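**Q** Please work out how this folds:
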Amino acid sequence: MSRKRAMSSGRARYVRQLGHEDAKDFAIRLGIGQEFNSDPQAKKDIIDQNGFSYSVKSGQKKWQIFLYSRNRFKDNTEFKATKFSDLFLRCIDAFPPTFEEYKNNKKESKLKLQKPIREISEKLQDKDMLEFFLSKAMFNNNEVDFLVVKDNNNFYIFDNKDVVETFVNNFSVTTSKARRIGEYDDQKVVFKCFNVTIGEIEMRTDSKVHYKEVKFWLNKPLTLKLLMENIPLLEKNDTKKIYLYVKLEEKDVRKKRRIEALRHQLKK
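**A** Predicted structure coming up:
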């Protein structure tokens with residue numbers, strides 16, 4: 001049976017540094033410069049001179065959208081208001097206090113996990129709840145204006161509302177199923193698109209460092225493909241290798257203002 005291995009601390013530092021370098025590269029190309037404001041806790045990798053913010057994603061295969069422990073769900077008022085906090089805390093509490101205890105009796109925890117995982121999946125099958133969850137997870141509830149994806153030395157920019165709308169319209173939500181002896185159904189919430197898994201919500205239980213943490217990840221190639229196929233290309237700068245994909249909405253004044261400011265920046 002294949003086993004997932006946790007990322008080493010050295011590898012994790014390398015990935016974080018690479019992400020910072022990619023954000024700096026984008027800021028320089030956009031004309032913001034090497035010294036730019038950011039707010040990582042609010043998912044704002046870059047804040048430009050107009051106050052608009054960008055979440056920059058690179059990587060080759062998967063994006064970690066969040067990795068949250070108990071306190072994040074316990075203290076977050078927005079997750080509490082929608083009852084997501086209660087469900088994720090029940091997932092966390094399905095596991096014993098220590099990693100050693102879990103290793104000695106994995107079956108009990110996996111069986112306890114099934115019910116809250118099913119309930120999260122059912123909740124996310126409601127389009128309004130799915131929209132809230134994705135907006136909160138990706139953009140801290142619209143506090144981040146743009147998703148930026150680096151791929152093959154190109155930067156692709158997408159407006160936050162277009163991203164969430166595309167995901168809601170194309171994701172189906174289910175739970176994982178056991179594939180071999182020793183596995184159990186309903187251990188993960190699974191997001192599917194193109195008839196394959198595009199992302200998952202899962203419990204990290206593979207090391208002491210990240211024991212009892214909730215992880216949400218998305219597949220980079222599939223996510224980029226989905227966004228580029230559903231959101232039109234509005235502006236491009238081949239010299240800077242920056243491409244802006246947006247659905248224009250005349251009634252959305254704030255969106256229109258940030259798009260026009262970004263288009264102006266790209267034409268410099």
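**Q** May I have the predicted confidence score for the residue with the largest distance to the centre of the chain?
**A** Centroid-distance maximum for the chain: residue 104 at 32.1 Å, with C-alpha atoms, centre = their mean. Looking at residue 104, its pLDDT stands at 94.
**Q** So which residues of the stretch 101-250 of the chain form helices?
**A** Taking DSSP state H, counting those that start in this stretch, the helices of the stretch 101-250 of the chain run over residues 106-124, 127-139, 160-170, 220-230.
**Q** Using TSV, please lay out the ones you listed together with distance to residue 247 and mean neighbour count.
**A** All C-beta atoms are positioned from the backbone trio N, CA, C, and that covers glycine. As requested, the helices of the stretch 101-250 of the chain are exported to TSV (distance: least, C-beta to C-beta, whole Å; neighbours: other C-beta atoms under 10 Å):
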stretch	distance to residue 247	mean neighbour count
helix 106-124	23	18
helix 127-139	16	19
helix 160-170	5	20
helix 220-230	9	17
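**Q** mind putting these in JSON lines, distance to residue 256 included?
**A** Shown next, in JSON lines, are the helices of the stretch 101-250 of the chain (distance: least, C-beta to C-beta, whole Å):
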{"stretch": "helix 106-124", "distance to residue 256": "30"}
{"stretch": "helix 127-139", "distance to residue 256": "18"}
{"stretch": "helix 160-170", "distance to residue 256": "11"}
{"stretch": "helix 220-230", "distance to residue 256": "20"}
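**Q** Which one of these lies nearest to residue 206?
**A** helix 106-124 (11.4 Å; C-beta to C-beta).
**Q** Just the C-alphas of that closest one, formatted as CSV.
**A** Extracted in CSV, the C-alpha atoms of helix 106-124 (Å, rounded to 0.1, in the frame of the first residue of the first chain):
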residue,chain,number,x,y,z
LYS,A,106,-6.4,4.3,13.7
LYS,A,107,-9.7,2.5,13.0
GLU,A,108,-11.6,4.2,15.8
SER,A,109,-10.7,7.7,14.6
LYS,A,110,-11.4,6.9,11.0
LEU,A,111,-14.9,5.6,11.9
LYS,A,112,-15.6,8.7,14.0
LEU,A,113,-14.5,11.0,11.2
GLN,A,114,-17.0,9.6,8.7
LYS,A,115,-20.1,11.4,10.0
PRO,A,116,-18.7,15.0,10.1
ILE,A,117,-17.1,14.5,6.7
ARG,A,118,-20.4,13.4,5.2
GLU,A,119,-22.1,16.4,6.8
ILE,A,120,-19.5,18.9,5.4
SER,A,121,-20.0,17.3,2.0
GLU,A,122,-23.8,17.7,2.3
LYS,A,123,-23.4,21.3,3.4
LEU,A,124,-21.2,22.1,0.5
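**Q** and of the helices of the stretch 101-250 of the chain, who's closest to residue 154?
**A** Short answer: helix 220-230, nearest of the helices of the stretch 101-250 of the chain by C-beta to C-beta, at 10.2 Å.
**Q** Measure how that closest one sits relative to helix 160-170, angle-wise.
**A** On the basis of axes from the mean of the first three to the mean of the last three C-alpha atoms, to 10 degrees, helix 220-230 is oriented at 100 degrees to helix 160-170.
**Q** how far does helix 220-230 sit from the chain's center?
**A** Centroid separation for helix 220-230 versus its chain: 14 Å, with C-alpha atoms, centre = their mean, to the nearest Å.
**Q** what's the average pLDDT for that helix?
**A** Helix 220-230 shows a mean pLDDT of 97.
**Q** and that helix, what other elements does it pack with?
**A** The helices and strands touching helix 220-230, judged by 3 or more C-beta pairs under 8 Å, 6 or more residues apart in numbering; DSSP states H and E, are strand 62-68, strand 146-151, strand 154-159, helix 160-170, strand 196-204.
**Q** What lies in contact with the fourth one?
**A** Taking C-beta atoms under 8 Å, 6 or more residues apart in numbering as the criterion, the residues outside helix 160-170 that touch it are 127, 130-131, 134-135, 138-139, 142, 144-147, 193, 226-227, 230-231, 245-247, 252, 255.
**Q** so where's the protein shaky on pLDDT?
**A** 1-19, 34-35 (pLDDT under 70).
**Q** Residue 21 is nearest to which of the helices of the stretch 101-250 of the chain?
**A** helix 220-230 (17.0 Å).
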